[in-house]
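Q: A predicted structure for the sequence below; I have some questions about it.
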Amino acid sequence: MSLITGCDYSMVVTTCADREAARRLADLLLEEKLAACVQMFPVESIYVWQGKKCQDNETAMFIKSKTGLFNKIAAVIKENHTYEVPEIIHIPITDGLPEYLKWISETVS
């Protein structure tokens, strides 16, 4: 198996307050062809917000896309998120199965 090297592809990570909010956001990203795949799973988050320790059940999202679409993805998340400061983390995909990366390219705009 040969791997593609580079940072043309990325995963964006965010969390939502619940599965319904995450599903709405995933649908928007897919409809706008900004994501090829969005994986969602429950997480327990423990964090500090405004000086207080907080603990919440959330839905984490792994959004697979192309690096060049990150700013558009971040804008959609910010515009449609319920949090004042949503988590938006960009993780470059430096290696991957060529067929999978090709599928991402063919799926997003």
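A: Structure received.
Q: so where do the helices sit in this structure?
A: Along the chain, the stretches classed as helices by DSSP state H are 19-31, 70-80, 98-107.
Q: In JSON lines: these, plus mean pLDDT.
A: As requested, the helices of the chain are exported to JSON lines (pLDDT from 0 to 100):
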{"stretch": "helix 19-31", "mean pLDDT": "98"}
{"stretch": "helix 70-80", "mean pLDDT": "97"}
{"stretch": "helix 98-107", "mean pLDDT": "95"}
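Q: would you turn the ones you listed into a markdown table with mean neighbour count and distance to Y9?
A: (C-beta placed from N, C-alpha, C; glycine too.) Output for the helices of the chain, formatted as a markdown table (neighbours: other CB atoms under 10 Å; distance: least, CB to CB, whole Å):
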| stretch | mean neighbour count | distance to Y9 |
| --- | --- | --- |
| helix 19-31 | 16 | 15 |
| helix 70-80 | 15 | 11 |
| helix 98-107 | 13 | 5 |
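Q: strand partners of the longest strand seen in the chain, parallel vs antiparallel please.
A: Secondary structure of the chain per DSSP state E: the longest strand is strand 52-66. The pairing partners recorded for strand 52-66 under DSSP bridges are strand 4-16 (antiparallel), strand 37-49 (antiparallel).
Q: Point out the most buried one among these.
A: strand 4-16 (a mean of 18; mean count of other CB atoms under 10 Å).
Q: Mind checking the pLDDT average for it?
A: Across strand 4-16, the average pLDDT comes to 85.
Q: List phi and psi for the closest residue to K72 other than its chain neighbours.
A: Once flanking residues are discounted, K72 sits nearest to L34: 5.6 Å by CB to CB, 6 or more residues apart in numbering. Phi and psi for L34, reported as degrees, to the nearest 10, are phi -100, psi -20.
Q: got the strands paired with strand 52-66 as TSV, with distance to K78 columns?
A: Shown next, in TSV, are the strands paired with strand 52-66 (distance: least, CB to CB, whole Å):
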stretch	distance to K78
strand 4-16	10
strand 37-49	16
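Q: Which one, of the ones you listed, ends up nearest to K66?
A: strand 4-16 (5.9 Å; CB to CB).
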